[in-house]
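In: My questions concern the predicted model and sequence given below.
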Amino acid sequence: MGTWIDPKEDAASLWGGRKSSSEQLEPMAGTVARAIETTLPFQYSETAQYRGTLPDTELDGVQYTSAQVTINGIIQSDRHIKLLSRGYLWTADDGASYGRRFKFQLRRPGPPSETTPFGSYVAWNRYQTGTVETTESEDVAFEPTPDTTRTERGNASFEEVPRPLRQHVAELELVRNPAFAEYVLRERDQWDDYGGVFRWIPTAFDQRFHE
């Protein structure tokens, strides 16, 4: 039998009582303060999964609802931004559905470039359409449709970056130039979505790696 908790006043801490002042956690610093403290070169790698929760992702007229994406974010010592991503997109989680696998890269040169944050990026995208089916272990099985591989190169505005990747671009821009990036986001009325949101993400601005 498990341990019985004595419901007495002196056992209040076992019932979720208030911590003493000496046990209080330090409040997390704000977005810009944490971005300023980030050292270069900066790099992270992580995998995100969306199961019917993919936000606002329509490509070539197809609305995708699910994804598995591995992201590598890099800022080199010269403040050159690189965002590398690869993964799968699909339209339904019930059985096999239409989808695509992709590799997407985004770059922005470092100084002396004075390009405004969240402006234009050099983009490269390669994808192939086919059928996606998820397994019980949440792995993704992809069956490609022959002759559907496409490669695209050019420039992309911040708004043209797939929505699930924009937050990652914002993190890199805030590390690259915190004050200027904050200014642009506030001027565009996008601070809450792509700046203030990091206030609630403890791992943001950390050198972190997905295993």
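Out: Nice, thanks for sending it over. Numbering: from 1, shown residues only.
In: What count of nearby residues applies to His80?
Out: 16 (other CB atoms under 10 Å). For every residue, glycine as well, the C-beta is placed using N, CA and C.
In: doesn't Pro109 make contact with it?
Out: Yes - using CB atoms under 8 Å, His80 makes contact with Pro109 at a distance of 5.8 Å.
In: and the longest helix for this structure?
Out: helix 163-176 (DSSP state H).
In: Can you list the buried residues in it?
Out: Buried residues in helix 163-176, counted by 16 or more other CB atoms under 10 Å: 164-176.
In: cool, stretch 138-149 as well?
Out: Quick answer for stretch 138-149 (16+ other CB under 10 Å): Val140.
In: end-to-end on it?
Out: In stretch 138-149, first residue to last residue: 25 Å (CA to CA, to the nearest Å).
In: try stretch 192-207
Out: First-to-last residue span, stretch 192-207, CA to CA: 23 Å.
In: what mean pLDDT does that stretch have?
Out: Per-residue pLDDT over stretch 192-207 has a mean of 92.
In: what's in contact with that stretch?
Out: Residues outside stretch 192-207 that contact it (CB atoms under 8 Å, 6 or more residues apart in numbering) are 28, 30-31, 34-35, 37-38, 42-44, 118, 166-167, 170-171, 174-175, 181-182, 185-186.
In: Cross these against helices and list the overlap.
Out: Short answer: the contacts of stretch 192-207 in helices (DSSP H) are 31, 34-35, 37, 166-167, 170-171, 174-175, 181-182, 185-186.
In: Looking at those, which two lie furthest apart in space?
Out: Farthest pair in these (CB to CB) is Glu37 and Arg166. Separation: 23.0 Å.
In: so Thr148 sits right up against Phe142, yeah?
Out: No - counting by CB under 8 Å, Phe142 is not a contact partner of Thr148; they are 11.8 Å apart.
In: what do the two both touch?
Out: Joint contacts of Thr148 and Phe142 (CB under 8 Å, 6+ apart) are Gly130.
In: related to what we said a few turns ago, may I have the longest helix of the chain as PDB, with CA atoms only?
Out: Listed next in PDB are the C-alpha coordinates belonging to helix 163-176 (Å, rounded to 0.1, in the frame of the first residue of the first chain):
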ATOM      1  CA  ARG A 163       4.000  29.600 -40.600                       C
ATOM      2  CA  PRO A 164       5.400  26.900 -38.300                       C
ATOM      3  CA  LEU A 165       8.900  28.100 -39.200                       C
ATOM      4  CA  ARG A 166       8.400  31.800 -38.600                       C
ATOM      5  CA  GLN A 167       8.900  31.500 -34.800                       C
ATOM      6  CA  HIS A 168      12.300  29.900 -35.500                       C
ATOM      7  CA  VAL A 169      13.200  32.800 -37.800                       C
ATOM      8  CA  ALA A 170      12.100  35.200 -35.200                       C
ATOM      9  CA  GLU A 171      14.400  33.600 -32.500                       C
ATOM     10  CA  LEU A 172      17.400  33.900 -34.800                       C
ATOM     11  CA  GLU A 173      16.600  37.500 -35.700                       C
ATOM     12  CA  LEU A 174      16.300  38.400 -32.100                       C
ATOM     13  CA  VAL A 175      19.700  36.900 -31.300                       C
ATOM     14  CA  ARG A 176      21.300  38.500 -34.400                       C
END
